[in-house]
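**Q** The following block contains a protein sequence and its predicted model.
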Amino acid sequence: MCEIYANTDPQLYEAHSKSVRLRGFVTSVRLEQRFWALLEEIADSEGMSTSQFMAKLYDEVVEKRGEVGNFASLLRVVCATYLERKYSAGLIAV
């Protein structure tokens, strides 16, 4: 099992920062490349650009909770939740 992880392409876990506009302010979000790819896939499935999806997600969380403590962590959890739902629906196999 460790071979699955040990043989992972290092580019997938290399972190990259990207600028995004949230509530009128430009901020930087740093995530591993694999998460950026998943966010793009999620955004595409919602008919949005990645930036639009992130801004909408941020706005929805602020409306429900009043603040977003750690946006990068939220994005990682969103990606994990997306994959869990795809797996549960039989759209991906392990």
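**A** Looks like it came in fine. Here the structure is a predicted model, which means the values were calculated and not measured.
**Q** So which residues make contact with the helix or strand encompassing V77?
**A** Taking DSSP states H and E as the definition, V77 sits inside helix 71-88. Residues from elsewhere that reach helix 71-88 (Cβ atoms under 8 Å, 6 or more residues apart in numbering): 22, 27, 29-31, 35, 38-39, 41-42, 54, 57-58, 61, 68, 92-94. For every residue, glycine as well, the C-beta is placed using N, CA and C.
**Q** those strands in the chain, which residues are they?
**A** Assigned by DSSP state E, the strands in the chain fall at 15-22, 25-32.
**Q** Let's have these in JSON lines, adding mean pLDDT and mean neighbour count.
**A** JSON lines is the format used below for the strands of the chain (pLDDT from 0 to 100; neighbours: other Cβ atoms under 10 Å):
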{"stretch": "strand 15-22", "mean pLDDT": "94", "mean neighbour count": "13"}
{"stretch": "strand 25-32", "mean pLDDT": "95", "mean neighbour count": "13"}
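**Q** Just send the ones you listed back as TSV, with distance to A72 too.
**A** TSV is the format used below for the strands of the chain (distance: least, Cβ to Cβ, whole Å):
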stretch	distance to A72
strand 15-22	10
strand 25-32	6
